[in-house]
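# Provide a 3D model corresponding to the input given below.
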Amino acid sequence: QAYSGTPPEEKEKIVWVRFENADLNDTSRNMEFHEIHSTGNEPPLLLLIGYSDGMQVWSIPISGEAQELFSVRHGPVRAARILPAPQISAQKCDNFAEKRPLLGVCKSIGSSGTSPPYCCVDLYSLRTGEMVKSIQFKTPIYDLHCNKRILVVVLQEKIAAFDSCTFTKKFFVTSCYPCPGPNMNPIALGSRWLAYAENKLIRCHQSRGGACGDNIQSYTATVISAAKTIKTGLTMVGKVVTQLTGTLPSGATEEEILAHSNLRRSPLVPGIVTIIDTETVAEGQVLVSEDSDSDGIVAHFPAHEKPICCMAFNPSGMLLVTTDTLGHDFHVFQILTHPWSSSQSAVHHLYTLHRGETEAKVQDISFSHDCRWVVVSTLRGTSHVFPINPYGGQPCVRTHMSPRVVNRMSRFQKSAGLEEIEQELTSKQGGRCSPVPGLSSSPSGSPLHGKLNSQDTYNNFTNNNPGNPRLLPLPSLTVVLPLAQIKQPMTLGTITKRTGPYVFGAGCFSIKAPCKSKPAPQISPSKSVGGEFCVAAVFGASRSWFANNSGLKREKDQSKQFVVESLYIISCYGSLVEHVLEPRPLSTAPKISDDTPLEMVTCPRASWTLVRTPQWNELQPPFNANHPLLLAADAVQYYQYLLAGLVPPGSPGPITRHESYDSLASDHSGQEDEEWLSQVEIVTHTGPHRRLWMGPQFQFKTIHPSGQTTVISSSSSVLQSHGPSDTPQPLLDFDTDDLDLNSLRIQPVRSEPVSMPGSPRPAADRRGVSTVIDATS
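I've put the predicted structure just below:
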């Protein structure tokens, strides 16, 4: 219907696109997805589209039938988020429980109408349609981020965080580094940590590690002069400040710019990242300074030499990808925290993802669910696919050609002791990844990568034990080139011209194109249009399978035939395209082994046209109770209540231990049992055949000087006696009442080696009576 024949000029103009994580596709808290692997029940893709007038929300379930969930025209929207249900506990309840799900919107005209444009966040209930909260600011809002703990509002050089249950202010940061754009204040919000660009490096809080030289390819990176770095840094700051304040003419000289930037108390330093723990950070202002303590600061380190442009955490929150304003190289850091302070934490620079030598601004970073692939999309409309490992090291056939994540070391590597030899070689060469021997490749020349003494190396690498990951030596840095670069075509037609699509589902059609390793050259939209090109990408299970096998039922193993999930990319023309990624060994490799490098074949497989036309009706709340967003919010809230041990609203009463015990025998609803079982401790490994409580395992034996052994045990079935010659001896007959325990000499006269039952030692050696407590399995 959307695709049928409407001329392109009638479509509404898309300003931004975003794939959203909300209750609808929350696999950890939505009961519907708990049995994902057995039922093949995959979460839908949730897509937000911002237009020059209003916005739209789409859901694309695994069936491929796109469903419109929300559509409104109320003026331009700068940012919008569907807020997930908050985490609750007995002490902390959700003030807006009956209003959920909530949609947070930053519009040009706020609810009050008097404030400047884009200066307030309005929270609307999708259940009732009313506005439940409005948060006003004095300066424009650039972006919104949220997780189940906080809502983060991003302003110019400031960040404000609000509690998800009450929407009262929790903490705020005022020391962000100004970025020229497109993302004016880049931050990354994980499930608990918040990363932002700090405007100066505070040595006492600095974590160990950080970025090694930016341009690994060239020798100049290792011998870069500090003075030049400082000067370019200041110039860049000057330009940024000028752009933001607009106080200087565009033709101002460098000296004027430098003087202008020095009006601040201290010169700003670009490329510094601070990560804070949103749970433990103090209320009020978060200040990283020499005088402040490090409460809540997880890590503080230099990530780039240029200002940071975009950041993202991986799904587990342990890896952070950062990009700078040049966009030549993207850095992947592993964050290893220390409970004491950020200066004890270690930041391992695992990868430099090298995009190219031309300048490009990054707008979107997305990880696959197993963290083996990362896609970085630039404003030119190109998405770069990089292979990585969560633990670092060179991506190869062994790590990326299996459907499952493999261990860092193969069995062969573990048994051959290769790592010790490798470590010896790297420690002799001096720097971490330095092409010049004896030079550290840290651009600032900081003493982070110091020399190791031999004892440390020995302790860390004996028996393949990496030891404390926070201690040196840091893991070696790997430079990775993109395996695929997917450019967005000018219009949808350029993908489909050669195959002739057929329509299926809601505005979706399949592309039966043969996979070609060299796709036809496409004109980059930025060159032809001269504008910026918004795209967003996300990994998900393949939906095109249904297009080609619509009559067949999806089997359990169907999703497992792909090594990589499909990559979904939405462009500013409103076309969502599923790209199938097929990694394979490098075709030029003479022979294929575990360490063979990879190459990748990509081909578009299905497409949905989701852009709205002016004729479309709006779809506004209040929604019915069976609306997918409302059903998901109910399911997640119910699960949250159970986790917190509270009574979910509308349920008969708390599930007591007695009732849950009965429910195993009596005919209660299966639903209750499942919830009860989900809180039972799970045994994650096979235990021994006999457990400690499964019978008497401890035998107390008194060994007499004569060599006779008396066995006292709680069970007569295990009574046995061994003499010195290992022949069975008759047991002593005694009555427990007559036995004088004081006459038994429990302590030997002098310490002796522990005597074992049946050991053929002459009786003369045994000076005293020794007691053996024997624990046999």
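
# low-scoring pLDDT stretches of the stretch 1-150 of the chain, where are they?
Within the stretch 1-150 of the chain, the ranges that satisfy pLDDT under 70 run 1-9, 34-40, 110-114.

# again, only this time at 80
Regions of the stretch 1-150 of the chain meeting the criterion pLDDT under 80 cover residues 1-9, 31-41, 110-115.

# So which residues of it form helices?
Under the criterion DSSP state H, counting those that start in this stretch, helices of the stretch 1-150 of the chain are mapped to 36-39.

# residue boundaries of the strands in it?
Secondary structure of the stretch 1-150 of the chain, counting by DSSP state E, counting those that start in this stretch: strands at 14-19, 45-51, 55-60, 67-72, 77-83, 102-107, 120-125, 131-136, 141-146, 150-155.

# Using a markdown table, lay out these together with distance to residue 582.
For the C-beta atoms, the positions are set from N, CA and C on the backbone; glycine is no exception. Below are these laid out as a markdown table (distance: least, CB to CB, whole Å):
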| stretch | distance to residue 582 |
| --- | --- |
| strand 14-19 | 22 |
| strand 45-51 | 21 |
| strand 55-60 | 22 |
| strand 67-72 | 29 |
| strand 77-83 | 33 |
| strand 102-107 | 38 |
| strand 120-125 | 43 |
| strand 131-136 | 46 |
| strand 141-146 | 33 |
| strand 150-155 | 37 |
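
# For residue 276, which of those strands is the nearest?
strand 150-155 (11.1 Å; CB to CB).

# Next secondary structure element downstream of that closest one?
strand 158-163 (DSSP states H and E).

# CSV please, covering the strands of the stretch 1-150 of the chain and showing mean neighbour count and distance to residue 581.
Shown next, in CSV, are those (neighbours: other CB atoms under 10 Å; distance: least, CB to CB, whole Å):
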stretch, mean neighbour count, distance to residue 581
strand 14-19, 19, 17
strand 45-51, 23, 16
strand 55-60, 24, 18
strand 67-72, 19, 26
strand 77-83, 22, 28
strand 102-107, 24, 33
strand 120-125, 22, 37
strand 131-136, 16, 41
strand 141-146, 20, 28
strand 150-155, 24, 32
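
# Out of the ones you listed, which is closest to residue 394?
Counting by CB to CB, and looking across all of those, nearest comes strand 14-19 at 29.5 Å.

# Can I get the closest one as PDB, trimmed to CA atoms?
Extracted in PDB, the C-alpha atoms of strand 14-19 (Å, rounded to 0.1, in the frame of the first residue of the first chain):
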ATOM      1  CA  ILE A  14      12.400  12.000   7.600                       C
ATOM      2  CA  VAL A  15      14.800  13.900  10.000                       C
ATOM      3  CA  TRP A  16      16.100  11.000  12.200                       C
ATOM      4  CA  VAL A  17      15.700   7.300  12.600                       C
ATOM      5  CA  ARG A  18      16.400   5.000  15.600                       C
ATOM      6  CA  PHE A  19      16.100   1.400  16.600                       C
END
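
# which secondary structure elements does that strand contact?
Counting contacts by 3 or more CB pairs under 8 Å, 6 or more residues apart in numbering; DSSP states H and E, strand 14-19 packs against strand 45-51, strand 536-540, strand 566-570.

# In TSV, list the ones you listed along with distance to residue 594.
Converted to TSV, those look like this (distance: least, CB to CB, whole Å):
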stretch	distance to residue 594
strand 45-51	34
strand 536-540	25
strand 566-570	25
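
# And those: which comes nearest residue 634?
Across those (criterion: CB to CB), the nearest stretch is strand 45-51, sitting at 16.6 Å.

# Point to the helix or strand of this protein where mean pLDDT is at its lowest.
Taking mean pLDDT, DSSP states H and E as the measure, the chain has strand 502-504 as its least confident helix or strand, at a mean of 31.

# Tell me, how many residues neighbour residue 410?
Neighbours of residue 410 under the rule other CB atoms under 10 Å: 15.

# Now do the same contact list for it.
398, 594 (CB atoms under 8 Å, 6 or more residues apart in numbering).

# cool, and residue 312?
By CB under 8 Å, 6+ apart, the contact set of residue 312 is 188, 320-321, 365-367.

# Pick the one among those closest to residue 31.
Using CB to CB, the contacts of residue 312 come closest to residue 31 at residue 367, 24.7 Å.

# closest to residue 406 out of the helices and strands packed on strand 14-19?
strand 536-540 (18.7 Å).

# Measure how the closest one sits relative to strand 566-570, angle-wise.
Compare the direction of strand 536-540 with that of strand 566-570 by axes from the mean of the first three to the mean of the last three CA atoms, to 10 degrees and you get 150 degrees.

# thinking again about what came up before, right, and the helices and strands packed on strand 14-19 - which one's nearest residue 307?
Short answer: strand 536-540, nearest of these by CB to CB, at 22.5 Å.

# Sounds good, over and out.
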